[in-house]
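# everything below, folded, please.
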Amino acid sequence: MTGRIAFALCWILVLAFLALPILIVAALSFSSASYLTFPPPGFGVRWYRAYLGSSEWLASTWLSFAVAACVVVLATILGTLASLGLARLPRAMQAAFGALILSPLIVPGIVVAIGIYYVFARYRLVGTPVGLVLAHTCLAVPFVVTSVSASLAGLDRRLEQAALSLGATPWGTFRQVTLPLIRPSVFVGALFAFITSFDELIVALFLSGSGAITLPRRMWDDLRFAIDPTIAAVSTLTIVLAAALLGGAHILRQQQIGRQIGTTDG
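Sure, this is the predicted structure:
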């Protein structure tokens, strides 16, 4: 009994440690003060109106959405194809190529940003949305590969072999058999690709320049030079968006697990 109480207390403390900063930011977003002060002297939606009425904030927001949408398309296609290729390689080669694909998750972000900057500067991609899309795609592909590869690992290969033996083409087998079974994982990878691009800052600091300022870069500049509660309002909206996407990813993952159990039982 004592052990359960201690475990529950530790769990509550960890949860409070993780959630308290988010709650403080949310409270500051409704502050009536002109600066970031806690506790707020009053509450209102002044800073949400300031965000929605600022052309600079909205331009950065729409740019981040546009870049993230392009990244989702590219990263999902490339990551799914890479996962299919890895699944058909010998195990020794899977480890080598898998480590190479997942390297952006392992290498420190600042190192990746410096390398991308020097390469993109040569081709004049710094300060352009195209450069951001390509760079964020490199960062997002590993998340798609991780999600889809986990689904392919539990896929019964006999289903594909049966389709091929009945005369289906490789493309037809993928479209009618493989893709429906791994679709939830593909969607989960796409959601994580969107979050990765939309919230990314380090690479954006190197590549955005003055012509392609994303929302995280705008938040960084505002925190350095303005320090008003508008950034708290933007942060709160970003947290809500990320939480909604993660909730959607969790639901899709549960649906995939249920589908795999149903397929196994059948």
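# give me the low-pLDDT residue ranges for the stretch 1-150 of the chain?
Residues of the stretch 1-150 of the chain meeting the criterion pLDDT under 70: 1.
# repeat the analysis, applying 90 as the threshold.
1-61, 80-128, 130-131, 143-150 (pLDDT under 90).
# mind exporting the helix or strand containing P216 as PDB, just the C-alpha atoms?
According to DSSP states H and E, P216 maps onto helix 215-225. These are the backbone C-alpha positions of helix 215-225, laid out as PDB (Å, rounded to 0.1, in the frame of the first residue of the first chain):
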ATOM      1  CA  LEU A 215       6.400  31.100 -36.800                       C
ATOM      2  CA  PRO A 216       9.000  29.600 -34.500                       C
ATOM      3  CA  ARG A 217      11.600  32.100 -35.800                       C
ATOM      4  CA  ARG A 218       9.200  35.000 -35.300                       C
ATOM      5  CA  MET A 219       8.600  33.800 -31.800                       C
ATOM      6  CA  TRP A 220      12.300  33.700 -31.200                       C
ATOM      7  CA  ASP A 221      12.800  37.200 -32.500                       C
ATOM      8  CA  ASP A 222       9.900  38.500 -30.400                       C
ATOM      9  CA  LEU A 223      11.200  36.900 -27.300                       C
ATOM     10  CA  ARG A 224      14.600  38.600 -27.800                       C
ATOM     11  CA  PHE A 225      13.400  42.000 -28.700                       C
END
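# who's in contact with it?
Here helix 215-225 makes contact (CB atoms under 8 Å, 6 or more residues apart in numbering) with 56-57, 60-61, 63-64, 198-201, 204-205, 208, 213, 228, 230-231, 234-235, 238. Every C-beta, even on glycine, is put in place using the N, C-alpha and C of the backbone.
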